[in-house]
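Undergrad: have a look at this fold, sequence not included:
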């Protein structure tokens with residue numbers, strides 16, 4: 001986990017710096033198609049013993065230990081802490097909800113035991129209170145969302161698909177109504193110079209084509225599969241706190257940086273997003289040399305950077321400017337990979353949009 005060690009070296013800095021990165025996998029090694037970086041112990045995990053063993057394996061990594069020791073963390077789970085692309089009481093295998101809730105309860109208990117969380121997040125059966133806020137003086141209010149426990153099930157079989165009418169259905173939500181109301185109320189009340197929305201999956205509505213196929217595709221697991229929620233969030237930001245909201249996310253095992261606009265158009269820039277790549281999933285990656293990157297960059301003019309490499313995002317938050325650096329390693333096959341900056345952007349307070357630094 002060389003990226004964790006590099007982060008630890010840089011975390012001994014003032015609180016205004018944020019480090020963003022992806023998390024662990026719950027899958028067994030046999031399911032990984034790319035070069036082996038870490039050999040997981042055991043099969044796909046289901047029991048509380050399985051989950052505890054997986055955390056113990058990851059927590060034994062000295063680079064991860066150094067990163068935890070260097071500074072406080074705000075943690076939030078996504079899907080692989082329990083099961084791939086789970087949504088509320090539904091897993092990807094169509095397991096009976098009452099059975100999946102048992103697995104959720106075990107996974108959440110192990111998560112709480114191994115991660116830096118407050119007592120307010122102690123599991124209650126198969127539920128954890130994970131969305132919360134944090135204030136950094138008058139510099140920044142942060143809102144940490146939970147886009148797994150309360151979301152509607154993914155449509156179109158949870159595959160990348162054309163953005164049909166079900167993706168726009170008004171009865172579907174990625175946050176649930178109570179969490180959305182909590183977020184909107186917090187944004188309305190904020191007096192800080194900046195507002196940070198930290199959440200799990202890509203908020204940009206990105207399209208791409210597979211080679212030789214005519215269909216324009218989007219992810220149904222991301223906000224692009226929950227367009228009513230996305231429209232409501234961006235409309236609220238635009239109306240109530242324009243020019244001081246930044247969003248960060250993860251999940252996709254690549255670095256992304258881009259501007260947020262309504263739907264898929266060349267319209268008004270409302271906010272911007274940094275999506276942090278993974279620490280080890282995906283091995284060394286291919287950089288920008290693949291069909292997905294070429295198609296995504298060509299079809300989405302609001303997407304400013306995209307690369308398949310391992311690393312993290314470093315955000316430096318000042319009173320009048322927000323800078324984001326996409327950090328990448330040339331290799332993670334050894335502990336001494338070279339760390340470089342793939343791209344840097346700056347946003348001025350009151351002027352939404354990423355500008356090359």
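TA: Great, that's in hand. A quick note: this is a predicted structure, and the numbers were derived from the prediction, not measured. Numbers count the residues shown, from 1 in each chain.
Undergrad: C-alpha from now on. contacts and neighbour counts both.
TA: Will do.
Undergrad: quick one: name whatever helix or strand follows the lengthiest helix in the chain.
TA: If each helix of the chain is counted by residues according to DSSP state H, the longest one is helix 97-114. Using DSSP states H and E, the helix or strand that directly follows helix 97-114 along the chain is strand 132-136.
Undergrad: what's the offset of that following strand from the middle of its chain?
TA: Put simply, strand 132-136 sits 18 Å off its chain's centre (CA atoms, centre = their mean, to the nearest Å).
Undergrad: check contacts around the residue nearest the centre of the chain.
TA: When the chain is reduced to its mean C-alpha position, the closest residue under CA atoms, centre = their mean turns out to be residue 250, at 2.2 Å. Shown here is residue 250, whose contacts under the criterion CA atoms under 8 Å, 6 or more residues apart in numbering are 21, 22, 199, 200, 201, 202, 275, 276, 277, 278.
Undergrad: now the longest helix of the chain: buried residues?
TA: Taking 16 or more other CA atoms under 10 Å as the basis for neighbour counts, the residues of helix 97-114 that come out buried are 100-112.
Undergrad: what is the rounded mean pLDDT of it?
TA: Looking at helix 97-114 alone, the average pLDDT works out to 97.
Undergrad: what comes into contact with that helix?
TA: For helix 97-114, the surrounding residues in contact (CA under 8 Å, 6+ apart) are 46-48, 51-52, 55, 81-82, 89-91, 121-123, 125-128.
Undergrad: try it again with 10 Å
TA: Outside helix 97-114, the residues that touch it by CA atoms under 10 Å, 6 or more residues apart in numbering are 45-56, 59, 76-77, 80-83, 86, 88-91, 93-95, 117-119, 121-128, 149.
Undergrad: circling back: can I get the contacts of residue 250 in CSV with pLDDT, neighbour count and secondary structure?
TA: Below are the contacts of residue 250 laid out as CSV (pLDDT from 0 to 100; neighbours: other CA atoms under 10 Å; DSSP: H, G, I helix; E, B strand; the rest coil):
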residue, pLDDT, neighbour count, secondary structure
21, 55, 23, coil
22, 53, 24, coil
199, 96, 22, coil
200, 96, 23, coil
201, 97, 20, coil
202, 98, 23, coil
275, 97, 31, strand
276, 96, 28, coil
277, 95, 31, coil
278, 93, 25, coil
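Undergrad: which residues of this structure fall in strands?
TA: With DSSP state E as the definition, the chain shows strands at residue ranges 17-20, 132-136, 140-144, 194-198, 245-249, 255-260, 271-275, 303-307, 311-317, 321-329, 339-348, 351-356.
Undergrad: which one of those has the poorest average confidence?
TA: Per-stretch averages of pLDDT across the strands of the chain put strand 17-20 at the bottom, with a mean of 56.
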